[in-house]
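In: Structure, please.
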Amino acid sequence: MFGISPENAAFYGAAAAIGVPLIANFFKELWFDRRKRRAERAFISVQLVFLLDKFIANCANVSWDCGYDPMNPPPDETELEDQVQIPNFDMTSVKGEYKYLKPSLLYKLHNIDIELYKARSKLYQYQEECYFSPDLLWEYYELRRESYANVGLYVVSIADELRKEFGISKTEDWDPRNSIVESMKQLRRIRANRAMGRMERKSARIMKKVKEQQGQAV
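Out: Residues are numbered from 1 along each chain as shown. Purely as a prediction, here's the structure:
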C-alpha cells in the first residue's frame with residue numbers, strides 16, 4: 001500500500017512508536033519547566049516586593065531628615081546632624097533561584113546599589129567643595145533628602161513592575177511613595193520661599209538705594 005515496502009513500513013512504525021512518546025515527553029517537560037519558572041519567579045517576586053517596600057520606606061525616612069528632630073525647636077545651623085541612617089539594599093534574605101528572574105529585572109535590582117553609590121558620591125563631593133562650611137549644613141541636608149528620595153522613587157518603579165506582572169496588590173492604607181512625594185513637595189516649597197525671600201530682599205535694597213539717590217539729588 002502507498003508503495004511502501006513491508007520493511008520500510010515496519011521501520012516507520014517502530015520509529016513512530018519510539019518518537020511520538022519522546023516528543024510528547026519533551027513538550028510535557030517543557031510545559032512543566034515553564035510552569036516551574038513562573039512559579040519560582042512569583043515566589044521570589046512576592047519576597048522582593050516586601051523587601052523593596054521596606055527599602056522605599058527607609059528612603060522616605062531619609063527624605064524627611066532635616067538634620068534635627070522636628071519635635072524640637074530647630075538648632076543652630078552648624079549643629080545639624082543625621083537623625084536617620086541611610087538605607088542599604090540587601091537581597092540575601094530572599095529565598096529562591098535568581099536565574100528564573102528576567103535579565104532586565106536583575107539589572108534593575110543590582111542597579112539599586114549603583115543609585116545608592118551615586119547618592120553618597122554626590123553628598124561627598126558637595127562636602128569637599130571649597131566653599132562648603134558648617135553654615136551650609138542646611139543645604140547639605142536638602143541635597144541628602146532629595147538624593148535619597150530619588151533613589152526611593154527609582155525603587156518604586158521596580159516594585160510597580162513586579163506588582164503588575166504577578167498581580168500583587170499594595171498594602172492597604174500604606175504606600176511609602178506617598179511620603180516621598182509629600183517630602184519633595186515640602187522641599188520645593190522651602191526652596192521657592194527662600195528664592196522669593198531673596199528676591200524681596202534684593203528689591204528692598206534696590207528701592208532703598210533709589211530713595212537715597214533721590215534724596216541726595218534734592
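
In: wait, isn't R163 in contact with D175?
Out: No: the pair R163 and D175 does not pass the contact test of C-beta atoms under 8 Å, sitting 11.2 Å apart. Using the backbone N, CA and C atoms, a C-beta is placed for each residue, glycine as well.

In: Can you tell me the element V62 falls in?
Out: helix 6-63 (DSSP states H and E).

In: Next, the buried residues of whichever helix or strand comes after that helix.
Out: Moving toward the C-terminus from helix 6-63, the next helix or strand (DSSP H and E) is helix 103-128. Going by neighbour count (16 or more other C-beta atoms under 10 Å), the buried part of helix 103-128 is L105, K108, L109, I112, E115, L116, A119, L123.

In: want to throw those into JSON lines with distance to D82 and pLDDT?
Out: Output for the buried residues of helix 103-128, formatted as JSON lines (distance: C-beta to C-beta, whole Å; pLDDT from 0 to 100):
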{"residue": "L105", "distance to D82": "32", "pLDDT": "91"}
{"residue": "K108", "distance to D82": "28", "pLDDT": "95"}
{"residue": "L109", "distance to D82": "26", "pLDDT": "95"}
{"residue": "I112", "distance to D82": "21", "pLDDT": "97"}
{"residue": "E115", "distance to D82": "19", "pLDDT": "97"}
{"residue": "L116", "distance to D82": "15", "pLDDT": "97"}
{"residue": "A119", "distance to D82": "14", "pLDDT": "97"}
{"residue": "L123", "distance to D82": "11", "pLDDT": "94"}
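
In: Of those, which is the nearest to F50?
Out: L109 (14.0 Å; C-beta to C-beta).

In: The closest one against L48, yeah?
Out: Yes: between L109 and L48 there is a contact at 7.5 Å, judged by C-beta under 8 Å.

In: list residues touching both of those two?
Out: M91 (C-beta atoms under 8 Å, 6 or more residues apart in numbering).

In: Quick check: the residue positioned nearest the centre of the chain vs T78, distance?
Out: With distances taken as C-alpha atoms, centre = their mean, V155 lies nearest the centre of the chain, 1.9 Å away. Distance, V155 to T78, using C-beta to C-beta, to the nearest Å: 33 Å.

In: do Y126 as well
Out: In terms of C-beta to C-beta, Y126 sits 16 Å off from T78.

In: Over to C66?
Out: 14 Å.

In: higher neighbour count, these two?
Out: Neighbours were tallied for C66 and for T78 using other C-beta atoms under 10 Å; the higher tally belongs to C66 (17 against 11).

In: Setting the sequence-adjacent residues aside, check what's closest to the more buried one.
Out: Y141 (5.6 Å; C-beta to C-beta, 6 or more residues apart in numbering).

In: The one you found contacts D65, doesn't it?
Out: Yes: counting by C-beta under 8 Å, D65 is a contact partner of Y141 at 6.7 Å.

In: and the nearest residue to P74 once chain neighbours are set aside, what is it in contact with?
Out: The spatial neighbour of P74 that comes closest, neighbours along the chain excluded (C-beta to C-beta, 6+ apart), is Y68 at 5.9 Å. Applying C-beta under 8 Å, 6+ apart, we find Y68 in contact with P74, P75, E79, L80, E81, Q83.

In: could you redo the last one with a cut-off of 6 Å?
Out: Y68 makes contacts with P74, P75, L80, as judged by C-beta atoms under 6 Å, 6 or more residues apart in numbering.

In: same deal with Q213?
Out: Contacts of Q213 by C-beta under 6 Å, 6+ apart: none found.
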